[in-house]
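Colleague: the following comprises the amino acid sequence and a computationally predicted model.
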Amino acid sequence: MIKDIPTHLDFEKVGLQCISKAFEMLYKVGNRYAEIVEEDSINDEVTEEIFWTHNTITVRTSLIVLFQGIEYLMKGKITEQSALLLIENNRTDWPSLPEKKDKNFDEMQTISGENLLSVFCAINPLQLNLGDFVKQFEELRLKRNKLVHSTGVETLDYKYVVEKTLFFLSEFYSKDRWVGLFREMFTSEPTFGYWDADVEGAYFYRILNFVEASLTKGQINKFLNYDIKARRYLCPECTYWLNKHEHNGPKPKWGFLKPNTPDSTILDCLICGKEYSIERKDCKCKSCKGNVINSDNIEDLCLSCYNEEE
């Protein structure tokens, strides 16, 4: 008998943890450079390219962990059908006959790499466009193998890893699942909220900014339910908490009209993940042409300029 057979949720949990960690490694490097540039303009002496070249090992490790996470997600989807499809051992070696000793699932030899892809495609649990999925997976697998079994890939841009992260998350889940996953990663850090959860939560915008700096707007639009090229707005809550913390620099605009129409009355903020009621009327500031107003806490609060002129 095969004992302790994992469920699809077991594989999914580890898979998402791997993918989150892979992205987090890149974000921490990118955010560190962004913070240094904010405090002291070093762009001319230490360019972003030099900084990332110094952190090449982090980029390589991130790709390896990302691939591992994708394999776990694939195993999870296969396990929804049957975890026995993951076993590589000859059927005669299975502990299934009465005279054979029981074995735990993790003692069995399980499939990986090309065989895993073949089984996944055979059942196609997500009804994917397999042509594109296989191409992307095989490309990532070959790069991962070079990193693990050889001296690595000659040129590996961190932006490539970010793009593949969003691609595979959108394949397994919804188009913008990465936003919620990375927010969960951000807020689940053990020390989160120790000082002020509201202020700290508003700084999730840094992760969104990192993604935007890593990819083109066209790439991001493939993995977002909103048009990143459209007009964006301030969040009434997130901006308030950032102001409270005396945040320096431009106020992050990650609010989108839902839907993006002239008469829309809902604003969706990707930073906090909340929706806000808005009115469509002109801002009181002479220099602002905004007409997206929130009055929940402050009367006629313009989400284009935050009434800074007043």
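Modeller: Thanks, I have it. Note that this is a predicted model, so its numbers are computed, not measured. Numbering: from 1, shown residues only.
Colleague: name the element Lys253 belongs to?
Modeller: Under the criterion DSSP states H and E, no helix or strand holds Lys253.
Colleague: how about the contacts made by it?
Modeller: For Lys253, the contact set (CB atoms under 8 Å, 6 or more residues apart in numbering) comprises 232-234. Yep, even glycine has a C-beta here, placed from its N, CA and C like the rest.
Colleague: just the ones of those in strands?
Modeller: Using DSSP state E, no member of these falls within strands.
Colleague: which one of these has the most neighbours?
Modeller: Counting neighbours by other CB atoms under 10 Å, Leu234 leads those with 26 neighbours.
Colleague: residues near the closest residue to that residue other than its chain neighbours, how many?
Modeller: Distances taken as CB to CB, 6 or more residues apart in numbering place Leu303 nearest to Leu234, at 4.7 Å, with adjacent residues excluded. Here the number of neighbours of Leu303 (other CB under 10 Å) works out to 25.
Colleague: from His149, how far out is Leu303?
Modeller: 52 Å (CB to CB, to the nearest Å).
Colleague: likewise for Leu26?
Modeller: 23 Å.
Colleague: then Ser287?
Modeller: Ser287 sits 60 Å away from His149 when distances are taken as CB to CB.
Colleague: again, but for Gly273
Modeller: When Gly273 is compared with His149 (using CB to CB), they lie 41 Å apart.
Colleague: give the full set of residues in contact with Thr56.
Modeller: Leu156.
Colleague: show the pLDDT at it.
Modeller: We have a pLDDT of 93 for Thr56.
Colleague: again, but for Asp44
Modeller: Each residue has a pLDDT score; the one for Asp44 is 68.
Colleague: what's Cys283 in contact with, if anything?
Modeller: Residues near Cys283 by CB under 8 Å, 6+ apart: 289-291, 293, 300, 302, 304-305, 307.
Colleague: can you do 6 Å?
Modeller: When contacts are counted by CB atoms under 6 Å, 6 or more residues apart in numbering, Cys283 touches 290, 302.
Colleague: helix or strand for it, which one?
Modeller: For Cys283, there is no host helix or strand (DSSP H and E).
Colleague: could you check how far it is from Lys251?
Modeller: 15 Å.
Colleague: what's around the nearest residue to Lys175 once chain neighbours are set aside, how many residues?
Modeller: Nearest residue to Lys175, sequence neighbours excluded (CB to CB, 6+ apart): Asn225, at 5.5 Å. By the criterion of other CB under 10 Å, Asn225 has 13 neighbours.
Colleague: so what does Asn225 have for phi and psi?
Modeller: Per-residue torsions, Asn225: phi -80, psi 0 (degrees, to the nearest 10).
Colleague: report the backbone C-alpha coordinates of the strand or helix carrying Arg141 in CSV.
Modeller: Using DSSP H and E, Arg141 sits in helix 130-149. The C-alpha atoms that make up helix 130-149 are tabulated as CSV, following Å, rounded to 0.1, in the frame of the first residue of the first chain:
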residue,chain,number,x,y,z
LEU,A,130,-0.6,23.9,-25.1
GLY,A,131,1.6,25.2,-27.9
ASP,A,132,2.5,28.4,-26.1
PHE,A,133,2.7,26.7,-22.6
VAL,A,134,5.0,24.0,-23.8
LYS,A,135,7.3,26.5,-25.6
GLN,A,136,7.6,28.7,-22.5
PHE,A,137,8.1,25.8,-20.2
GLU,A,138,10.7,24.1,-22.3
GLU,A,139,12.6,27.4,-22.7
LEU,A,140,12.6,27.8,-18.9
ARG,A,141,13.5,24.2,-18.3
LEU,A,142,16.6,24.4,-20.6
LYS,A,143,17.8,27.6,-18.9
ARG,A,144,17.3,26.0,-15.5
ASN,A,145,19.2,22.8,-16.5
LYS,A,146,22.1,24.9,-17.7
LEU,A,147,22.2,26.7,-14.4
VAL,A,148,22.0,23.5,-12.3
HIS,A,149,24.2,21.2,-14.4
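Colleague: good, wrapping up.
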